[in-house]
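Visitor: Kindly return the folded structure for what I paste below:
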Amino acid sequence: MEDRVKIEYVEIERGRRLLVTSDIHGHAASLKKVLEKAEFSDDDILVIIGDIVEKGPESLKTLRYVMELCERGNVLPLIGNVDAWRLHMINGIRAESVQGFYDYLLHLRAWIGTSFFDELTRELGYICTSPADILKSKDRVLGHFRRELDFLSHLPAIVETQDYVFVHGGLRDREVRDNGKRPLFELLKYDRFMDTELCFDKYVVVGHWPVSNYGGKYPQANPLIDREKRIISIDGGCGLKANGQLNLLIFPEAGCDLDDVYVVSHDDLPVYLALTPQVESADSIHICWPDNEIRILEKGDEFSRVLHIATGRSVWMPNAYLLEDTRCRDYTDSLLPVCPGDRVSLEWTTSKGAIVKKDGRTGWYCGELEKSGEYREYSRAGLVPVSRSW
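Guide: As a prediction, this is how the structure comes out:
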């Protein structure tokens, strides 16, 4: 794959609906579900802002599904940092570095049970069990999957339209064309892009950095918007967060008023009905990666009291959220505002209540729940202002 930054300009016909998603991470079923919910058709334009593969159970299936969608002529896929890095890793398999590649495969197997490379070799009839196996596999993988790998390698890094700019990580320079002089990964892996000091002429729509990582009073996975800087960040943490979701941003028409833009999302959490009301808590803590360092103050059988290093606050937390006693998973002690009949996605249950997600927001619910028998819940929401006070 070339390291140059490929920029494409596309004029979108007025009157056509514009759908945007990102960071699918090998979740083909989630992509199909949100497109189904949005009633995606040939009259629409679909933009996929990178990270199609890896960190999910069906990377190869997802990639092939995106390739199939592209045959319709109304789909604009971009490359993400994970997509690009996998190409580099596979093309760069060498004896002197193959141990690191194998160690990474072992890490992914322990985390999610598979990897993009494992899926490729599995289709060839085997799984690599040593660095030597990977070396032997390189030519077979490159030959058998040339069509899929070439598809990824030719994806643009930036797509600009008359109203928007799409890029996986973010723009380093205010003028779109100036970014073409940058190293590719500077645009694909741009952590915390919404903290940039730049303001743009067109709205820049990005993925890469899960929106919940920006903090705020409580965890929420719906897209964020900064109207002053003209940035929209849409990565819902699909496959990365316990409360993650795949977001599909829907513009009823390209160039429409942003108050008319809405989001359809999908997660794999089981759905319940809330039976009793609950009032929102007045004060809460939200711990999220990368500021998730903690110190255990008191260890209990189900809960432990921990000190959050970044804020200096202590909180009781389920032991299931502890990571090696020094860090924790994304967590909040906030109580969600809930009305009887609300549908919530269940993340975790404890003896003191449940951690649930409602309309993209995660928190505690201590009332009664009734199983709805429905899974893979959809929610429809608007954009969240990036004020850190959501």
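
Visitor: what's the spacing between the residue positioned nearest the centre of the chain and Lys189?
Guide: Using C-alpha atoms, centre = their mean, the residue of the chain that lies closest to the mean C-alpha position is Gly237, 3.3 Å off. Shown here: Gly237 relative to Lys189, a distance of 16 Å by C-beta to C-beta, to the nearest Å. For every residue, glycine as well, the C-beta is placed using N, CA and C.

Visitor: which residues in this structure form helices?
Guide: Ranges of helices within the chain are 28-37, 59-70, 81-91, 98-112, 116-124, 131-144, 146-153, 184-188, based on DSSP state H.

Visitor: Tyr365 is nearest to which of those helices?
Guide: Comparison of these against Tyr365 by C-beta to C-beta identifies helix 28-37 as nearest, at 23.9 Å.

Visitor: Flag every buried residue along the closest one.
Guide: For helix 28-37, burial by neighbour count (16 or more other C-beta atoms under 10 Å) applies to 28-31, 33-35, 37.

Visitor: residues touching the nearest residue to Phe145 once chain neighbours are set aside, list them.
Guide: Using C-beta to C-beta, 6 or more residues apart in numbering and skipping residues adjacent in sequence, the residue nearest Phe145 is Leu120, 5.6 Å away. By C-beta atoms under 8 Å, 6 or more residues apart in numbering, the residues touching Leu120 are 60, 141, 144-145.

Visitor: before we move on, the earlier item: which one of the helices of the chain lies nearest to Val261?
Guide: Taking C-beta to C-beta as the measure, the helices of the chain were each checked against Val261, and helix 28-37 came out nearest at 15.1 Å.

Visitor: Run through who's touching the closest one.
Guide: 19, 21, 24, 46, 58, 61-62, 65-66, 238, 246-248, 264-268, 376, 378.

Visitor: out of the residues you listed, which are inside strands?
Guide: Mapping those onto strands (DSSP state E) picks out 19, 21, 46, 246-248, 264-266, 378.

Visitor: now, the most widely separated pair of these?
Guide: Based on C-beta to C-beta, the longest span within these runs between Leu46 and Tyr378 and measures 17.2 Å.

Visitor: quick one: which of the two has more around it?
Guide: Leu46 (23 against 18; other C-beta atoms under 10 Å).

Visitor: okay, the buried residues of helix 28-37 in a markdown table with distance to Ser212 and pLDDT next?
Guide: Shown next, in a markdown table, are the buried residues of helix 28-37 (distance: C-beta to C-beta, whole Å; pLDDT from 0 to 100):
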| residue | distance to Ser212 | pLDDT |
| --- | --- | --- |
| Ala28 | 23 | 97 |
| Ala29 | 22 | 96 |
| Ser30 | 17 | 96 |
| Leu31 | 20 | 97 |
| Lys33 | 21 | 96 |
| Val34 | 18 | 96 |
| Leu35 | 23 | 97 |
| Lys37 | 22 | 94 |
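
Visitor: wait, Val47 sits on Arg16?
Guide: No - taking contacts as C-beta atoms under 8 Å, Val47 lies outside contact range of Arg16: 11.9 Å.

Visitor: the more surrounded of these two?
Guide: Using other C-beta under 10 Å as the criterion, Val47 and Arg16 rank with Val47 on top: 22 against 14.

Visitor: For that one, give me its contacts.
Guide: Each residue near Val47 by C-beta under 8 Å, 6+ apart is listed here: 18-21, 75-78, 159, 166, 205.

Visitor: If we use 7 Å, what do you get?
Guide: Each residue near Val47 by C-beta atoms under 7 Å, 6 or more residues apart in numbering is listed here: 20, 76, 159, 166.

Visitor: got a markdown table for the residues you listed, with pLDDT, neighbour count and distance to Asp103 too?
Guide: As requested, the contacts of Val47 are arranged in a markdown table below (pLDDT from 0 to 100; neighbours: other C-beta atoms under 10 Å; distance: C-beta to C-beta, whole Å):
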| residue | pLDDT | neighbour count | distance to Asp103 |
| --- | --- | --- | --- |
| Val20 | 98 | 24 | 35 |
| Leu76 | 98 | 20 | 35 |
| Val159 | 98 | 23 | 35 |
| Phe166 | 98 | 26 | 34 |
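
Visitor: Tell me how far the strand ranked longest in the chain lies from the chain's centre.
Guide: When secondary structure is assigned using DSSP E, the longest strand within the chain turns out to be strand 343-350. Here strand 343-350 shows a centroid-to-chain-centroid distance of 20 Å under the convention C-alpha atoms, centre = their mean, to the nearest Å.

Visitor: Okay, now the sheet partners of that strand, with direction.
Guide: strand 271-274 (antiparallel), strand 353-358 (antiparallel) (DSSP bridges).

Visitor: just the CA coordinates of the first one, formatted as PDB?
Guide: Read that as strand 271-274. Provided in PDB are the C-alpha atoms of strand 271-274 (Å, rounded to 0.1, in the frame of the first residue of the first chain):
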ATOM      1  CA  VAL A 271     -33.200  -5.100  25.900                       C
ATOM      2  CA  TYR A 272     -35.400  -4.700  29.000                       C
ATOM      3  CA  LEU A 273     -38.400  -2.500  30.000                       C
ATOM      4  CA  ALA A 274     -38.100  -0.300  33.000                       C
END
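
Visitor: What distance do you get for Val263 to Leu18?
Guide: Using C-beta to C-beta, one obtains 13 Å as the distance from Val263 to Leu18.

Visitor: oh, I was asking about Cys339
Guide: Going from Cys339 to Leu18 by C-beta to C-beta gives 33 Å.
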